[in-house]
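Trainee: pasting a predicted model and its sequence here:
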Amino acid sequence: AAGVAGLLKSYFPKLTPRQIIQIILQSGTVVKEEVVLPGTENKKTTLNQLCKSGKVINAYAALKFALKLYK
């Protein structure tokens, strides 16, 4: 996440930290498959139960999203 935030800040220096967080959260890739719950051997859950957005970071999509919003 820090790397993508730095990438966004380097291309769009006027973005605020709050804007960068929103871009990263909204532009992630949704994971529909179940994942193994950390600390267990085979208990499965969905990614949205483990993290706020239920997505994985997508740097390319974040850059496209920022460009569209703040062109």
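Mentor: Structure received. Numbering: from 1, shown residues only.
Trainee: taking the centroid of this protein, which residue is nearest it?
Mentor: For the chain, residue 57 is the residue whose C-alpha lies nearest the centre (C-alpha atoms, centre = their mean; 3.4 Å).
Trainee: that residue and residue 43, how far apart?
Mentor: Taking C-beta to C-beta, to the nearest Å as the measure, residue 57 falls 24 Å from residue 43. Just so you know, the C-beta spots here come from the backbone N, C-alpha and C atoms, and that holds for glycine as well.
Trainee: contact partners for the residue lying closest to residue 8 once chain neighbours are set aside?
Mentor: Spatial nearest neighbour of residue 8, chain neighbours left out: residue 20 (5.2 Å); criterion: C-beta to C-beta, 6 or more residues apart in numbering. Contact analysis of residue 20 by C-beta atoms under 8 Å, 6 or more residues apart in numbering lists 5, 8-9.
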